[in-house]
Each structure stands twice: as structure tokens, then as C-alpha cells.
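K.L.:
prediction below, plus the sequence it came from.
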Amino acid sequence: MADDAVSADLTDPIRGCSEPDRMWTLTNVGEATPDILSPLCWSLWGGGVERASRAGIYDFGVLPRSALVVPDDPNHWATACFFGRQAM
């Protein structure tokens, strides 16, 4: 590779990561995503599911409008993907 070539760090969006004190469950998400998710599938599902979840909780008056913005850090999401399985 040439010195002036652009390199990018590749990440696997379905591998997942979590803070050590977070607890996750597969309960009630298996119906929505029953199979192993591919990286392309999760890249479409992930942000959309998070936005919809936050909008529903906002509609009930639990979240303020400022919480509708999906954080960049997936550790602050209500749902995540670990080795292809969606969790909440």
C-alpha cells in the first residue's frame, strides 16, 4: 500500500459491544428478528428500531424531546446486536 493511500478501520456492526454493567435479553425481540442478522440487515434495522423505540416512549410522555436523538454510542441504545442476535 502506498504511503498516501487512505486506510479505514473496518468494524463489524453485528459483533456488538457492551459496557460491563449492562444487562441484555433476547426476550421479545426474537419475533422481530428471528434469524441471525447480517451486517447489512443490522445497519438498516439498528438505527430505525432505536428511533421507533424512542418515539413510542416519547409519545407516552416518558422521554423528553431531546431524547429522540439516537446517540452515537450504542451503549446508550435500548437495543443492540451481539454476534448477529438482536437484544434489548
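P.N.:
Cool, got the structure. All values derive from a computational prediction rather than experimental measurement. Residues are numbered from 1 along each chain as shown.

K.L.:
can you pull out the strands in the chain?
P.N.:
80-82, 85-87 (DSSP state E).

K.L.:
now the helices for this protein?
P.N.:
39-59 (DSSP state H).

K.L.:
residue ranges with poor pLDDT in it?
P.N.:
By pLDDT under 70, the low-scoring segments of the chain are 1-8, 10.

K.L.:
ok so, going back, I'd like the strands of the chain as JSON lines, with distance to residue 33 and mean neighbour count appended.
P.N.:
The C-beta positions use only the backbone N, C-alpha and C, and glycine is treated the same way. Supplementary listing: the strands of the chain in JSON lines, determined by distance: least, C-beta to C-beta, whole Å; neighbours: other C-beta atoms under 10 Å:
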{"stretch": "strand 80-82", "distance to residue 33": "9", "mean neighbour count": "21"}
{"stretch": "strand 85-87", "distance to residue 33": "4", "mean neighbour count": "20"}
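
K.L.:
and those as a markdown table, adding distance to residue 9?
P.N.:
Listed next are these as a markdown table, based on distance: least, C-beta to C-beta, whole Å:
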| stretch | distance to residue 9 |
| --- | --- |
| strand 80-82 | 19 |
| strand 85-87 | 24 |
